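**Student:** Provide a 3D model corresponding to the input given below.
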Amino acid sequence: MGLPERSFVSLVVAHAAAGLMLLAGSVPATAQSGLGAVVCVGSELATPRTPEPGRRFGWEGVAVVYRSDAAAAYRVGVRLDDREAEERALLSELNDHAETSCVWSNPGDRHVVIISYNGTIGLDPTPDPDAPRFRAYAVGYGETAETAETNATTANGRFATYYDGSGYEVLVRESWGDGESGGAPGTPVLPPGQVFRDCAVCPQMVVVPAGTFTMGSPASEEFRGEEEGPQHSVTIGAPFAVGVYEVTFAEWDACVRAGGCGYTPADHRWGRGRRPVINVSWQDAQAYVSWLSGQTGQRYRLLSEAEWEYAARAGTVTSRYWGESVSDQCRYANGANGSNDSPLCHDGHGNTAPVGSLAPNAFGLYDVLGNVSEWTQDCWNDSYSGAPTDGRARESGDCGRRALRGGSWDINPWFLRSANRFRNTPASRAIYYGFRVARTLN
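**Tutor:** Below you'll find the model as predicted:
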C-alpha cells in the first residue's frame, strides 16, 4: 500500500552526564546531570497497542516514538493500516533504540501540538532530591491549534500532576487532512514559516512562501558585477522548503556512515559537528541530496540560483538582507572583517562558525551570506539574459561550471551581497565551499 506524503520531525535532547552532542538544528534542551529517560506524557498515553475501530484511540494522526536520552520523533497523517510499518521505519531511523509509539489522535482532530517542559519531572512526585528526573514531552490534539495546545497542557491530567511551574516550550504545531473530513490522511499542511525535519539526521527545514521578486542588482549598487544583471522579475509560484542552516559536518557524516556519501572531507581541525561541511563539490552535494531523497521519500535538491536569491533577500531590496551597511555584517554574516588596519567589526570567528551563530534573515534562514559559499543547481551564465522567470534552475549555458552564492568566511564584506555570484567546476572542493538543501513540497 502506498503511503501518503507526510512530515517527520526529530526532537533531540542532550544528556549532560553522558556527554551526548546536541545535534545541529535540534530543539534546545535543559541538560542536567542525572537526567533520565525521555518520557512522553501525552494525555493518550494509554493508547492500546492494536486499536479497534470505533474506540476512542487509534485514528489517523501522529505516531510518537522516543529514545532514552536521545530523541523523540513523530509523523503526521498516518493511516491506521500503515501504523506498524511506520513504527518500524521510525524505529529504524532512530537506530532501533526507541520505545513503541505512545500517542494517537481522535476522530475529527487535524491539529497537533507537542510541548516540552522547561524543567524536568519525576514519574512519581517525591521530595527525594536523588529520585530519577526526566525530560518530558506532552502531546495534544484538537480540531483547532488552540484546542490542541490546551489538550497538551491544562487539559492534560499528567501535565497537571507533574508540571512544576517552570514553563514549557511549544516544539511543534502541525495540521493534516483537508479540513472537511478532519482526520483524512494526505499531504500535511505546511504553512510558510513551518519548521520541520524529515528524519533524525536530516537537515532542519523551513517553508518559504511563494512570491515575486526582482533578481539581480541595479547598476547603482556598489561593487556589483556585470554578471548580476540585467535585473528581472522572477515569480516563485509555490512554497518550497529550504534548509534553516547550511548542511553541517554532523549531517554529512551521517550520510557517510549510511553509505550514501563516499567521501569524508577534512575539517582542518576547525571542528565538525555543527560547523558547516566544507571541502565539498557540486558533485558531492548531488550525492548527498540523492541519499537524503532516498532516505525520506521526499524530493531533496539544491536550490536554483533564483530560489537562493529569493530566499536570501527574504522580501528585502537592499544589497544585503539586513540593509546597505557593511558595518552591521558581524550581526548577520561570518565574513572577513575588513583589513587588519581598519577592521569593520569583529564577529569572533577566524574561519567557519557553527551554523546559527549569528542572526537570521526574515525567512528564518541563517548564514545565507558568509560562512561558506553555497553550491546551487544552475549552470553558469555570464548574465541573466534569457534566464527563467519562474524560479527554475538554468540548466543551459556553461554546465562545466556551476554557480555558487553567498560568499564565505574569507570574503571581503563589500562582496557579501544578496546579488553577488561565483562559479567553479562541479568537481571543485575548497575550504570555502559548502551547500544548503531545498525540498519540493508538492
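
**Student:** which helix or strand contains Leu292?
**Tutor:** Counting by DSSP states H and E, the element that carries Leu292 is helix 282-296.

**Student:** after that helix, which helix or strand is next?
**Tutor:** Counting by DSSP H and E, what follows helix 282-296 is strand 300-302.

**Student:** in that next one, what counts as buried?
**Tutor:** Within strand 300-302, the residues scored as buried using 16 or more other Cβ atoms under 10 Å are 300-302. The C-beta positions use only the backbone N, C-alpha and C, and glycine is treated the same way.

**Student:** can you show me the CA trace of the helix or strand that it is followed by as CSV?
**Tutor:** Using DSSP H and E, the helix or strand that follows strand 300-302 towards the C-terminus is helix 305-313. C-alpha atoms of helix 305-313 as CSV (Å, rounded to 0.1, in the frame of the first residue of the first chain):
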residue,chain,number,x,y,z
GLU,A,305,20.0,30.5,-8.2
ALA,A,306,16.7,32.3,-8.4
GLU,A,307,15.4,30.4,-5.3
TRP,A,308,18.6,31.1,-3.5
GLU,A,309,18.4,34.8,-4.1
TYR,A,310,14.7,34.9,-3.3
ALA,A,311,15.3,33.1,0.0
ALA,A,312,18.4,35.3,0.8
ARG,A,313,16.6,38.5,0.2
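
**Student:** helix 305-313 - what's its average pLDDT?
**Tutor:** For helix 305-313, the mean per-residue pLDDT is 98.

**Student:** 847 is where my numbering starts, stick with that
**Tutor:** Right, with 847 as the first residue, what we last looked at is helix 1151-1159.

**Student:** and the helix or strand just after it, what does it pack against?
**Tutor:** Going down the chain from helix 1151-1159, the next helix or strand is helix 1175-1178, by DSSP H and E. The helices and strands touching helix 1175-1178, judged by 3 or more Cβ pairs under 8 Å, 6 or more residues apart in numbering; DSSP states H and E, number zero.

**Student:** can I get helix 1175-1178 as CSV, trimmed to CA atoms?
**Tutor:** Below are the C-alpha coordinates for helix 1175-1178, written out as CSV (Å, rounded to 0.1, in the frame of the first residue of the first chain):
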residue,chain,number,x,y,z
GLN,A,1175,27.8,42.5,8.9
CYS,A,1176,29.1,40.9,12.1
ARG,A,1177,25.5,40.6,13.5
TYR,A,1178,24.4,38.6,10.5
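
**Student:** neighbours of Val1090, how many?
**Tutor:** Neighbour count for Val1090, taken as other Cβ atoms under 10 Å: 23.

**Student:** need the buried residues of strand 1146-1148 in TSV (columns: distance to Cys1045 and pLDDT).
**Tutor:** Converted to TSV, those look like this (distance: Cβ to Cβ, whole Å; pLDDT from 0 to 100):
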residue	distance to Cys1045	pLDDT
Tyr1146	11	96
Arg1147	16	97
Leu1148	19	98
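
**Student:** from the residues you listed, which single one is nearest Gly1105?
**Tutor:** Taking Cβ to Cβ as the measure, Gly1105 sits nearest to Tyr1146 out of the buried residues of strand 1146-1148, at 17.0 Å.

**Student:** where's the closest one relative to Glu1092, distance?
**Tutor:** From Tyr1146 over to Glu1092 the distance is 14 Å, taken as Cβ to Cβ, to the nearest Å.

**Student:** what of Ser1274?
**Tutor:** Computed as Cβ to Cβ, the Ser1274 to Glu1092 distance reads 17 Å.

**Student:** those two: who's more crowded?
**Tutor:** Neighbours per residue (other Cβ under 10 Å) separate Ser1274 from Glu1092, with Glu1092 holding more: 28 against 17.

**Student:** count of neighbours near Tyr1091?
**Tutor:** 26.
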